[in-house]
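In: can you look at this prediction? I've put the sequence above it.
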Amino acid sequence: MDSVAVDSVAVDSVAVVDSLQADSAAVRSPEADLAAAVAALARAIEAHTASTQEDTTATTSGAVLGEARGAARDYSVRIFWALVLLGLSYGIVVTLTWILDRVAEASPKRRLFFKRLVPIARLVVWVLFIYIALRHVFDISAQNLFAAAAAIGVAVGFAAQDLLKNIFGGLVIISDRPFQVGDKISVGGTYGEVTSIGLRSTRLVTPDDNLVTVPNAQLVDMQVANANAGALDLQVVTHLYLPGFIDEEKAKRIAYEAAASSKYVYRKKPIVVIVLDEFQETFITHIKVKAYVLDTRYEMLLMSEITERARRAFREAGLITPGHGARAWVPVHAAQRRADND
């Protein structure tokens, strides 16, 4: 009887303990659920943040690559249009030069005027090309353009001083105009017609049809003799030589008529004949005929025609003989024998 009572008490105790544990578990379950929910939320936030960062990184990389591609494509387009503008400017320069040359040849009286417009037209076209390309094609602001020009000018100034001297010399020649295209000038022992004035050099064509290129820096520093100074006519000096015993008045009259009757002479300006007495192993008469030519291109033709007409008239008048200008030749041994006999 007693053992049955003890077992009953033990069973009741176990049931009470289980009931208490269940009640305790039931009491703690909301807190556990909350902690679990918080932990799950934290894990979800971490996962979302990581995913967002990956997406942001991918988006940023894609945007950077897209901007780089767009910038490269934009610069490619700009370079393309700059090249197109360069070709267009070159075509304009060639066309303007061709038109001005043709107009100059078609208008003899204004030939030099149109010739002088060629270097100015070239300079204007190239300056406009550089400005439009930098300001509008590459979209460089005026402030940045001036700053870049100053920086480039300083850098290039040290690297290419001679080139810059020639360029500034060309600008001085174009602005100051000591000579122009079509003028006959003499510089450094070279005489010829100015055919072109560039930013680096000036080109001359000599009477022998040689093309001479002179750097502009030398032209600015040296003395330049301009024969016609922009005028279409030009004074031509023809030198004639006669024996010292001839009739000067007759020789002057023949020389004057030879110049006045030429088809190349410009009759609106005076013809002057000067007689000089010189000694070159013997006395000779030096005659200078100063006459103006209609066009600078006929300078040598006028000089040749005056010489031919004058020499023909001198022979007809008996002022020169067939042996005029020939030096007497005496064999050395004959001269020596003559000296010994004396």
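Out: Perfect, I can see it now.
In: distance of G91 relative to F129?
Out: 11 Å (C-beta to C-beta, to the nearest Å). Any C-beta I mention is one placed from the backbone N, CA and C, and that applies to glycine too.
In: same question for V205.
Out: Distance, V205 to F129, using C-beta to C-beta: 29 Å.
In: and stretch 204-217, what's buried?
Out: 204, 212, 214-217 (16 or more other C-beta atoms under 10 Å).
In: so for G91 and F129, which sits in the more crowded spot?
Out: F129 (18 against 11; other C-beta atoms under 10 Å).
In: can you tell me the helix or strand for the more buried one?
Out: helix 111-132 (DSSP states H and E).
In: can you tell me what sits against that helix?
Out: The contact list for helix 111-132, computed with C-beta atoms under 8 Å, 6 or more residues apart in numbering, reads 85-86, 89, 92-93, 96-97, 100-101, 103-105, 107, 174, 180-183, 196-199, 230-232, 295.
In: point out where the stretch 1-150 of the chain drops to low pLDDT.
Out: By pLDDT under 70, the weakly predicted segments of the stretch 1-150 of the chain are 1-35, 37-38, 41, 47-72, 108-109, 112, 142, 144-145, 148-149.
In: now the helices for this protein?
Out: 2-106, 111-132, 142-159, 161-176, 216-221, 248-260, 299-316, 332-341 (DSSP state H).
In: list the contacts of the fifth one.
Out: If you take C-beta under 8 Å, 6+ apart as the criterion, helix 216-221 is touched by 162, 165-170, 172-173, 178, 187-188, 198-202.
In: what mean pLDDT does that helix have?
Out: Helix 216-221 carries an average pLDDT of 87.
In: please shift the residue numbers so they start at 5 in all later answers.
Out: Sure thing, new numbering starts at 5, so read that last one as helix 220-225.
In: pull the CA atoms of it into CSV?
Out: Taking C-alpha atoms only, helix 220-225 is exported to CSV below (Å, rounded to 0.1, in the frame of the first residue of the first chain):
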residue,chain,number,x,y,z
ASN,A,220,61.3,85.9,-94.0
ALA,A,221,63.5,86.6,-91.0
GLN,A,222,66.4,87.5,-93.4
LEU,A,223,64.2,89.7,-95.4
VAL,A,224,63.2,91.7,-92.3
ASP,A,225,66.8,92.0,-91.1
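In: what does the closest residue to L138 other than its chain neighbours show for phi and psi?
Out: Distances taken as C-beta to C-beta, 6 or more residues apart in numbering place I144 nearest to L138, at 5.0 Å, with adjacent residues excluded. Torsion angles at I144 (phi, psi; degrees, to the nearest 10) stand at phi -90, psi 130.
In: quick check: I144 touching A151?
Out: No. The pair I144 / A151 is not scored as a contact, 9.7 Å apart, by C-beta atoms under 8 Å.
In: between those two, which one's more packed in?
Out: Shown here are I144 and A151; by other C-beta under 10 Å, I144 has more neighbours (16 against 12).
In: do you know how far that one is from L87?
Out: I144 is 17 Å from L87, by C-beta to C-beta.
In: what's the answer for M307, then?
Out: Distance from M307 to L87, by C-beta to C-beta: 51 Å.
In: now swap in V297 and tell me
Out: 47 Å.
In: which one of these two is surrounded by more residues?
Out: Neighbours per residue (other C-beta under 10 Å) separate V297 from L87, with V297 holding more: 23 against 12.
In: I'd say the more buried one and Y268 touch.
Out: Yes. Using C-beta under 8 Å, V297 is in contact with Y268, at 5.4 Å.
In: any residues in contact with both of those two?
Out: Shared contacts of V297 and Y268, defined by C-beta under 8 Å, 6+ apart, are found at 305-306.
In: what's the domain layout of this structure?
Out: Listed by automatic domain parsing, the domain ranges of the chain are 22-142, 145-234, 238-320.
In: what's the most buried one of the ones you listed?
Out: Counting by mean count of other C-beta atoms under 10 Å, domain 238-320 has the highest mean neighbour count of the domains of the chain, with a mean of 17.
In: what pLDDT, on average, does it get?
Out: The model assigns domain 238-320 a mean pLDDT of 92.
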